[in-house]
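>>> Predicted structure and sequence below. I'll ask about it afterward.
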Amino acid sequence: MTVLLDHRYRAGEMHRFDASGAEFVYLPAAGALFAFDEAIVAILTLVEQGVVVHSDLVKALSADGMTAADAEGLLREMRMVRLLEAENVVPQASIVDAPPADYPLQALVLNVTNQCNLACTYCYEFGADKISTQTGKPKYMTPETARTAVDFLLDSARDRKAVHVTFFGGETLMNFRLLKDTVEYANARAAETGRRCTYSLTTNATLLTDPIIDFLNDNAVGVTVSIDGGKESQDSRRIYKSGKGSYDVIEPRLKSLIAKHKTRAVTARVTLTAGNTDVVGIYRHLKDEIGFHEIGFAPVTTTDDGHDFGLNGDGMSDVLQGFHDLSEEWMQYALRGQMHGFSNVSETLSELVSGTNKSHPCGAGLGLLGVSPGGDLAPCHRFTDADEHVMGHIDTGIDQEKRTDFLTRGHVGSKYECTSCWARPLCAGGCHHEAFVRYNDTGHANLHYCDWIRTWTDRVLTIYGTIAVHNPEFLDRFADRKGLSS
């Protein structure tokens with residue numbers, strides 16, 4: 001107690017916000033959310049004016065009717081979550097933990113082909129974002145490579161009871177026979193070791209057939225469809241090599257997929273580009289007319305390579321307004337105890353509820369790796385077939401030196417600009433691939449995206465607070481939602 005009386009405290013790092021008349025705080029150091037009561041507000045009012053001695057804080061609380069024991073307990077809790085910090089504490093965000101030497105894998109993204117039957121104008125395989133070097137490399141993954149990859153995943157997962165395989169491309173369904181064989185092989189191999197394997201894929205939906213849909217349903221394969229909205233939006237950029245639009249091809253196939261696939265939700269991923277920023281209109285079409293269970297949006301920020309698809313300031317403003325309008329609708333659904341299909345809110349809220357505090361932007365290079373058609377390992381699917389980013393091979397294992405270098409540079413504490421950002425627990429600097437394309441460094445913070453992330457995170461925090469006040473039980477639905485995604 002004597003030592004504590006000598007301690008001098010300052011306010012810890014926090015982001016305060018109001019929701020429905022209640023005051024909340026988000027703590028970056030802990031990735032935690034708290035509602036304020038009068039006692040906490042009183043303490044913060046004192047320390048925000050300057051450094052305060054421990055004994056003075058106890059006296060202030062006692063003067064408001066709190067016992068000395070209760071005051072000590074409250075101050076201890078505030079120190080534990082870093083609402084209060086000792087004057088000489090080193091900020092946690094500046095500490096870079098050594099990456100795990102042999103972190104067990106949880107998921108592989110199998111790039112079953114690097115070929116695609118579409119030529120979307122914004123695809124990172126056709127512009128300045130292209131980093132792969134496919135000359136002389138296999139265009140399609142072989143069954144032998146896929147099976148070796150499954151064995152590698154199960155061996156590298158060690159004690160994990162479940163692993164995940166995501167099938168990716170190019171267009172994934174151009175190699176459906178391999179996908180089908182791989183699922184059957186992985187199910188058998190996982191069962192031999194008392195484990196289970198789950199699956200997902202991303203597709204442009206042009207090659208869906210009833211037998212394929214039946215297989216996806218029977219094996220509970222999660223499906224994400226890359227689609228940009230209605231006919232006009234879809235056909236402006238998601239085109240065949242001939243220039244023909246793809247909407248009329250995929251629309252009946254999507255309705256069949258959604259009607260028949262009952263074991264997993266079918267989701268849409270929309271790329272927002274210049275001229276395609278009507279978030280609410282796109283959502284209405286995909287949810288109400290096509291029938292997707294969830295729709296997520298990914299804006300393409302301005303590029304410097306002469307392409308016309310990057311969003312400028314006005315375009316981003318339109319997107320933010322659309323996000324705000326849909327998020328308000330999402331919140332009204334939640335207050336009635338109903339789920340809404342705007343996944344950008346659901347995913348961020350899930351991270352907040354589960355107390356996410358990321359050391360790295362995603363699982364790339366950590367619990368997740370990408371596998372090229374030839375079997376090379378990469379941090380994720382966006383780096384496959386890029387010679388500079390090879391991180392081993394399924395036959396020989398992970399190159400731990402390259403993995404350590406990637407993870408060390410990608411740690412949020414290594415990114416100077418992130419250390420003072422309150423939103424870093426959910427962002428950790430942003431996508432490794434985008435950082436490499438823009439800054440030639442996978443460990444660079446995506447500075448062009450910072451304002452967007454902070455604005456959006458603040459919005460979802462307000463939604464969290466409003467639901468916590470009026471329908472707190474609804475938040476329980478998101479406690480176990482978070483997982484690895486492709």
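Arrived safely, thanks for sending.
>>> ok, residue 408 touching residue 100?
No: taking contacts as C-beta atoms under 8 Å, residue 408 lies outside contact range of residue 100: 11.2 Å. (Glycine included, C-beta is placed from N, CA and C.)
>>> The two: who's more crowded?
residue 408 (15 against 12; other C-beta atoms under 10 Å).
>>> pretty sure the more buried one is in a strand, no?
No: Residue 408 is assigned helix when assessed by DSSP: H, G, I helix; E, B strand; the rest coil, not a strand.
>>> Give the rounded mean pLDDT of stretch 13-21.
Across stretch 13-21, pLDDT averages out at 95.
>>> Residue 197 versus the residue nearest the centre of the chain, what's the distance?
Centroid check for the chain by C-alpha atoms, centre = their mean gives residue 362 as the closest residue, at 6.4 Å. Remark: distance between residue 362 and residue 197 (C-beta to C-beta, to the nearest Å) = 21 Å.
>>> Do a quick rundown of the strands in the stretch 201-350 of the chain.
Along the stretch 201-350 of the chain, the segments classed as strands by DSSP state E, counting those that start in this stretch run 221-226, 266-272, 294-299.
>>> among the ones you listed, which is nearest residue 395?
Evaluated with C-beta to C-beta, the strands of the stretch 201-350 of the chain place strand 221-226 nearest to residue 395, the distance being 26.6 Å.
>>> helices or strands up against the closest one?
Strand 221-226 sits against strand 196-203, helix 247-260, strand 266-272, with contacts defined as 3 or more C-beta pairs under 8 Å, 6 or more residues apart in numbering; DSSP states H and E.
>>> one more time with 10 Å
Other helices and strands packing on strand 221-226, by 3 or more C-beta pairs under 10 Å, 6 or more residues apart in numbering; DSSP states H and E, are strand 162-168, strand 196-203, helix 210-218, helix 247-260, strand 266-272, strand 294-299.
>>> mind listing what's buried in the longest one?
Which is helix 247-260. Of the residues in helix 247-260, those with enough neighbours to count as buried (16 or more other C-beta atoms under 10 Å) are 247, 249-251, 253-254, 257-258.
>>> and that helix, average pLDDT?
Summarised as a single mean, pLDDT over helix 247-260 is 98.
>>> Give the other helices and strands that it contacts.
Secondary-structure packing of helix 247-260 (3+ C-beta pairs under 10 Å, 6+ apart): strand 196-203, helix 210-218, strand 221-226, helix 231-237, strand 266-272.
>>> how about those in a markdown table, adding distance to residue 123 and mean neighbour count?
Below are these laid out as a markdown table (distance: least, C-beta to C-beta, whole Å; neighbours: other C-beta atoms under 10 Å):
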| stretch | distance to residue 123 | mean neighbour count |
| --- | --- | --- |
| strand 196-203 | 13 | 21 |
| helix 210-218 | 23 | 16 |
| strand 221-226 | 10 | 22 |
| helix 231-237 | 9 | 18 |
| strand 266-272 | 9 | 22 |
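>>> Format these as a markdown table; extra columns: distance to residue 474 and mean pLDDT.
Converted to a markdown table, these look like this (distance: least, C-beta to C-beta, whole Å; pLDDT from 0 to 100):
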| stretch | distance to residue 474 | mean pLDDT |
| --- | --- | --- |
| strand 196-203 | 26 | 98 |
| helix 210-218 | 29 | 98 |
| strand 221-226 | 23 | 98 |
| helix 231-237 | 32 | 95 |
| strand 266-272 | 21 | 96 |
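>>> can you list the ones you listed in JSON lines and add distance to residue 441?
Output for the helices and strands packed on helix 247-260, formatted as JSON lines (distance: least, C-beta to C-beta, whole Å):
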{"stretch": "strand 196-203", "distance to residue 441": "27"}
{"stretch": "helix 210-218", "distance to residue 441": "38"}
{"stretch": "strand 221-226", "distance to residue 441": "27"}
{"stretch": "helix 231-237", "distance to residue 441": "29"}
{"stretch": "strand 266-272", "distance to residue 441": "24"}
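>>> for those, which one sits closest to residue 368?
strand 196-203 (12.1 Å).
>>> CA atoms only: put that closest one into CSV for me.
Taking C-alpha atoms only, strand 196-203 is exported to CSV below (Å, rounded to 0.1, in the frame of the first residue of the first chain):
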residue,chain,number,x,y,z
ARG,A,196,-12.6,-32.2,-38.9
CYS,A,197,-12.0,-29.9,-41.9
THR,A,198,-14.3,-27.1,-43.0
TYR,A,199,-14.4,-25.4,-46.4
SER,A,200,-15.2,-22.2,-48.2
LEU,A,201,-14.7,-20.9,-51.7
THR,A,202,-14.9,-17.6,-53.6
THR,A,203,-16.4,-17.7,-57.1
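>>> tell me, how many neighbours does residue 112 end up with?
Residues near residue 112, counting by other C-beta under 10 Å: 28.
>>> ok, it to residue 393 distance?
Distance of residue 112 to residue 393, given as C-beta to C-beta: 17 Å.
>>> Also residue 475?
Distance from residue 475 to residue 393, by C-beta to C-beta: 44 Å.
>>> now swap in residue 255 and tell me
41 Å.
>>> give me every residue that touches residue 59.
Under the criterion of C-beta atoms under 10 Å, 6 or more residues apart in numbering, the neighbours of residue 59 are 53, 68, 71.
>>> Quick check: beta-bridge partners of residue 16?
residue 25 (DSSP bridges).
>>> From residue 30, how far off is it?
From residue 16 to residue 30 the distance is 15 Å (C-beta to C-beta).
>>> If you tally nearby residues, what's the number for residue 186?
Neighbours of residue 186 under the rule other C-beta under 10 Å: 25.
>>> Could you tell me whether it really is in a helix?
Yes: with three-state DSSP as the criterion, residue 186 is part of a helix.
>>> I'd say it and residue 166 touch.
No: judged on C-beta atoms under 10 Å, residue 186 makes no contact with residue 166 at a distance of 12.0 Å.
>>> what's the residue nearest to residue 54 when sequence neighbours are not counted in contact with, if anything?
Once flanking residues are discounted, residue 54 sits nearest to residue 7: 4.5 Å by C-beta to C-beta, 6 or more residues apart in numbering. Residues in contact with residue 7 (C-beta under 10 Å, 6+ apart) are 52-55, 57, 75, 79, 84, 86-88.
>>> Using ChimeraX, define a selection of the buried residues within these.
The ChimeraX selection below is limited to those of these classed as buried (16+ other C-beta under 10 Å):
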select :52,54,57,75,79,84
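>>> Kindly indicate which of the contacts of residue 7 lies nearest residue 216.
residue 79 (51.0 Å).
>>> what's in contact with the host helix or strand of that closest one?
Secondary structure assignment for residue 79, by DSSP states H and E: helix 68-80. Residues from elsewhere that reach helix 68-80, judged by C-beta under 10 Å, 6+ apart: 1, 4, 7, 9, 11-12, 30, 34, 37, 39-40, 43-44, 47, 54, 57-64, 66-67, 83-86, 89.
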